[in-house]
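Engineer: what follows is a protein structure lacking sequence information:
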């Protein structure tokens, strides 16, 4: 058996407890659309939804320098100008990417997602003052422990988090009056603080506990969806 094929069969391969909370509700939505639905993730990096979806998909990003999942077909590009024809994919998703895009470019990214989607787009992003305040505190904790900036949060603080109503208004304008749009909260703020601060340690055993052992309770975390939420999920079914 080839190495890549073997890796695909391993349970929890490339899973992370906190990241799973973002992706598993989206995976359920994709499965409802159908097992044959083609999927594009904008801003996927080398992993994205691939470990949780468990089947092949396409990911577009400007940087694939990290680990790469064998199920992800990587395409170099940027969200503001996706290198695909109109209606190329059944489902187009973007998870925790908009906050890494300058505010003046976010509408263009959403427009491109709608352009290349046939059936549905799904956008997940942190939003709200409480979420931004938590990011500030986590950034300070990381800096105090490791003496450097947490690059994942740096752009959150520099660009500011997307506004839920702005994103919703933009999507309604792009998808038209026939689109069915719904909004869900995702990841309780207290739970996120627990998971994020837990692995910010130089103790390898604590790190392993928060990154690996807690995977056994991932589905319990996913069910614990109560406000205040860190991020919002917007599902927009398109009627062409």
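Structural biologist: Arrived safely. The shown structure was predicted, so the numbers you read here are calculated from the model rather than taken from an experiment.
Engineer: so what's residue 52 closest to, chain neighbours aside?
Structural biologist: residue 23 (4.4 Å; Cβ to Cβ, 6 or more residues apart in numbering). In this view, the C-beta of every residue, glycine as well, is placed from N, C-alpha and C.
Engineer: what about that neighbour, neighbour count?
Structural biologist: Neighbours of residue 23 under the rule other Cβ atoms under 10 Å: 26.
Engineer: equivalent analysis for residue 156, please.
Structural biologist: Neighbour count for residue 156, taken as other Cβ under 10 Å: 21.
Engineer: from residue 203, how far off is the residue nearest to residue 52?
Structural biologist: Between residue 23 and residue 203 the distance is 27 Å, computed by Cβ to Cβ, to the nearest Å.
Engineer: do the same with residue 128
Structural biologist: According to Cβ to Cβ, residue 128 and residue 203 sit 32 Å apart.
Engineer: one step back: the residue nearest to residue 52: which element?
Structural biologist: helix 17-33 (DSSP states H and E).
Engineer: going C-terminal from that helix, what's the next secondary structure element?
Structural biologist: strand 39-42.
Engineer: buried stuff in that next one?
Structural biologist: Neighbour counts over strand 39-42 (16 or more other Cβ atoms under 10 Å) mark 39, 40, 41, 42 as buried.
Engineer: if we can go back for a sec, correct me, but the residue nearest to residue 52 touches residue 96?
Structural biologist: No. Here residue 23 lies out of contact with residue 96, judged by Cβ atoms under 8 Å, at a distance of 9.7 Å.
Engineer: can you give me the strands in the chain?
Structural biologist: Using DSSP state E, the strands of the chain run over residues 39-42, 57-61, 72-76, 89-95, 117-126, 180-188, 229-237.
Engineer: can you add mean pLDDT and distance to residue 138 and give these back as a markdown table?
Structural biologist: Output for the strands of the chain, formatted as a markdown table (pLDDT from 0 to 100; distance: least, Cβ to Cβ, whole Å):
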| stretch | mean pLDDT | distance to residue 138 |
| --- | --- | --- |
| strand 39-42 | 98 | 24 |
| strand 57-61 | 98 | 23 |
| strand 72-76 | 97 | 27 |
| strand 89-95 | 98 | 18 |
| strand 117-126 | 98 | 11 |
| strand 180-188 | 97 | 13 |
| strand 229-237 | 98 | 11 |
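Engineer: do you know which of those lies nearest residue 151?
Structural biologist: With Cβ to Cβ as the measure, strand 57-61 is the member of the strands of the chain nearest residue 151 (15.0 Å).
Engineer: just to revisit the earlier point, quick check: the two most widely separated of the buried residues of strand 39-42?
Structural biologist: Maximum pairwise distance in the buried residues of strand 39-42, criterion Cβ to Cβ, is 10.9 Å, between 39 and 42.
Engineer: what do those two both touch?
Structural biologist: 92, 93 (Cβ atoms under 8 Å, 6 or more residues apart in numbering).
Engineer: spatially central residue in this protein, please.
Structural biologist: Geometric centre of the chain, nearest residue: residue 95, 2.3 Å, by Cα atoms, centre = their mean.
Engineer: leaving out the residues flanking it, which one is nearest to it?
Structural biologist: Nearest residue to residue 95 in three dimensions, chain neighbours excluded: residue 124, at 4.4 Å (Cβ to Cβ, 6+ apart).
Engineer: burial check on the one you found, number of neighbours?
Structural biologist: Counted with other Cβ under 10 Å, the neighbours of residue 124 add up to 23.
Engineer: what's opposite it in the beta bridge?
Structural biologist: Here residue 124 shows beta-bridge partners residue 95, residue 233, assigned using DSSP bridges.
Engineer: low-scoring stretches of this protein, by residue?
Structural biologist: Low-confidence segments of the chain (pLDDT under 70): 1-10, 240.
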